[in-house]
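A.B. asks: fold the following.
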Amino acid sequence: MSRRAAYIYAADLPHGPAGQIGAGLGMATSNGTISLKAPTVDVTHTGQEAVIDGVRVVFQVTPGTEAPAEMNFFFPQQRALCMAENATHTLHQILTLRGAEVRDARAWSRYLGEAVRLFGADTDVVFASHHWPTWGTDKITTFLTQQRDVYAYLHDQTLRRMNQGQTGTEIAEEFVLPPALESAWSIRGYYGSFSHNIKAVYQRYLGWYDGNPAHLWAYPPEDEARRYVDFMGGAEQLLAKARDCLDRGDLRWTATVTSHAVFADPDNTDARELLAEALERLGHGAENGLWRNIYLRGAEELRGPIAPPPPELTSPEVLGALTIEQLFDSLAVRIDGLRAASTTACIDWVFTDLDRTYRTELSNGALIHADAGHGSSEPGLTVTLAKPHLLEVIGTGRLDAVDSEGDITLVSTILGLVDRVDHQFPIVTP
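C.D. replies: As a prediction, this is how the structure comes out:
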């Protein structure tokens with residue numbers, strides 16, 4: 001996800017008319033230090049209130065909208081409503097281009113409608129986490145109503161066309177807004193886009209497969225690319241036709257066919273430059289800030305080395321806030337399954353500060369973990385520690401600062417099967 005985030009935000013691209021000029025929702029992501037302050041109060045339901053520094057706050061919980069856990073909050077004494085990232089002066093994303101769970105456009109619309117009902121008549125100013133405020137009750141109602149309607153329309157019309165047999169790509173290509181929404185500047189696709197949001201709604205309900213048997217078992221990109229280039233008469237003929245497409249302004253098809261040429265032969269400098277030119281022109285013509293950055297980042301990497309990764313997101317504060325399950329999940333998804341297939345290791349972790357015993361078991365290449373007592377294996381090692389020490393054990397593999405009983409090599413055995421995360425893998429080339 002962080003590798004793809006370097007494409008969509010592209011904070012280190014040269015800034016200027018030909019380079020990075022923003023990210024649609026804001027100017028750029030921060031390049032500073034990532035940290036986290038643990039919350040002291042949990043907001044669990046709509047209508048919950050709190051007084052913070054003498055200021056009364058009323059909360060509206062909106063799960064499944066811009067984030068799995070999201071909320072709006074209203075300051076009744078100031079007649080001010082914060083819509084978090086649920087209503088900004090742009091269409092937001094149903095699926096972020098960096099990757100995430102697909103959001104629920106229908107729920108998003110309903111929560112916006114609820115916000116109007118709960119707070120609209122008592123609000124003089126509405127603002128969001130990234131964008132400028134809207135003043136005046138009437139303008140606020142119009143703004144939030146249009147935001148409500150656009151997510152409902154996008155969701156419902158996508159499902160209507162799905163039920164007529166159209167794929168996400170087909171729906172996105174033909175999608176048209178009603179005139180009143182088409183003319184509303186606050187819902188244009190500067191950050192989200194109707195094109196990729198419609199495909200996200202399709203994905204939420206029907207997944208990646210579009211029902212066409214010819215698409216059920218496609219070749220991976222490199223194998224497919226070599227076959228395409230061969231069918232097109234070889235790279236030289238393909239590139240000649242692609243240059244003609246570029247001259248005629250068919251940038252999308254130029255990018256499609258030259259990408260096949262690059263994946264078939266990444267050392268073909270003519271193919272790389274032609275693809276880079278098509279991507280650059282697509283970027284300069286994009287209204288959507290993220291699309292622009294993605295195209296320009298792709299062009300940059302075709303012409304030079306892969307850019308350095310963004311700042312590390314996993315700070316000690318962030319890692320410390322993860323649950324036991326989340327910490328072991330982060331290890332489990334990095335286990336090299338085939339290397340680990342013949343290795344078994346069972347460890348009980350006794351957390352003195354949580355009054356909880358947790359078990360990890362390496363079995364058939366999978367790191368299984370749950371509260372102690374699951375499975376049929378007996379632990380070969382028992383480690384007694386406080387949860388904050390777990391990060392140190394995971395990071396170093398050493399048990400010097402904690403109590404342990406059994407085979408202490410089991411920790412290093414598991415950690416030795418964990419893959420390194422690559423933050424600079426290729427995207428526009430094989």
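A.B. asks: stretch 175-182: end-to-end distance?
C.D. replies: One end of stretch 175-182 sits 11 Å from the other (C-alpha to C-alpha, to the nearest Å).
A.B. asks: ignore what I typed, I meant stretch 403-414.
C.D. replies: The straight-line separation of the ends of stretch 403-414 (C-alpha to C-alpha) is 19 Å.
A.B. asks: name the residues of that stretch that are buried.
C.D. replies: For stretch 403-414, a neighbour-count test (16 or more other C-beta atoms under 10 Å) marks 404, 408, 410-411, 413-414 as buried. No exception for glycine: its C-beta is placed from N, CA and C like everyone else's.
A.B. asks: so for it, mean pLDDT?
C.D. replies: Mean per-residue pLDDT for stretch 403-414: 95.
A.B. asks: quickly find the element holding residue 272.
C.D. replies: helix 269-284 (DSSP states H and E).
A.B. asks: quick check: next helix or strand after that helix?
C.D. replies: Downstream of helix 269-284, the next assigned helix or strand under DSSP H and E is helix 289-303.
A.B. asks: which other residues reach that following helix?
C.D. replies: Applying C-beta atoms under 8 Å, 6 or more residues apart in numbering, the external contacts of helix 289-303 come out as 6-10, 13, 19-25, 97, 190-191, 193, 262, 272-273, 275-277, 279-280, 282-284, 286, 307, 426-429.
A.B. asks: let's see it at 6 Å
C.D. replies: By C-beta atoms under 6 Å, 6 or more residues apart in numbering, the surrounding residues in contact with helix 289-303 are 7-8, 10, 13, 22-24, 97, 190, 272, 275-276, 279-280, 282-283, 286, 428.
A.B. asks: and that helix with helix 269-284, angle?
C.D. replies: Helix 289-303 runs at 160 degrees relative to helix 269-284, counting by axes from the mean of the first three to the mean of the last three C-alpha atoms, to 10 degrees.
A.B. asks: now helix 289-303 - C-alpha only, CSV.
C.D. replies: Output in CSV follows, covering the C-alpha atoms of helix 289-303 (Å, rounded to 0.1, in the frame of the first residue of the first chain):
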residue,chain,number,x,y,z
GLY,A,289,-5.1,15.2,-8.8
LEU,A,290,-4.3,11.5,-8.0
TRP,A,291,-4.6,10.4,-11.6
ARG,A,292,-2.2,13.2,-12.6
ASN,A,293,0.4,12.0,-10.0
ILE,A,294,0.0,8.4,-10.9
TYR,A,295,0.7,9.1,-14.6
LEU,A,296,3.6,11.4,-13.9
ARG,A,297,5.2,9.1,-11.4
GLY,A,298,4.9,6.2,-14.0
ALA,A,299,6.6,8.4,-16.6
GLU,A,300,9.4,9.3,-14.2
GLU,A,301,10.1,5.7,-13.4
LEU,A,302,10.2,4.7,-17.0
ARG,A,303,12.9,7.3,-17.6
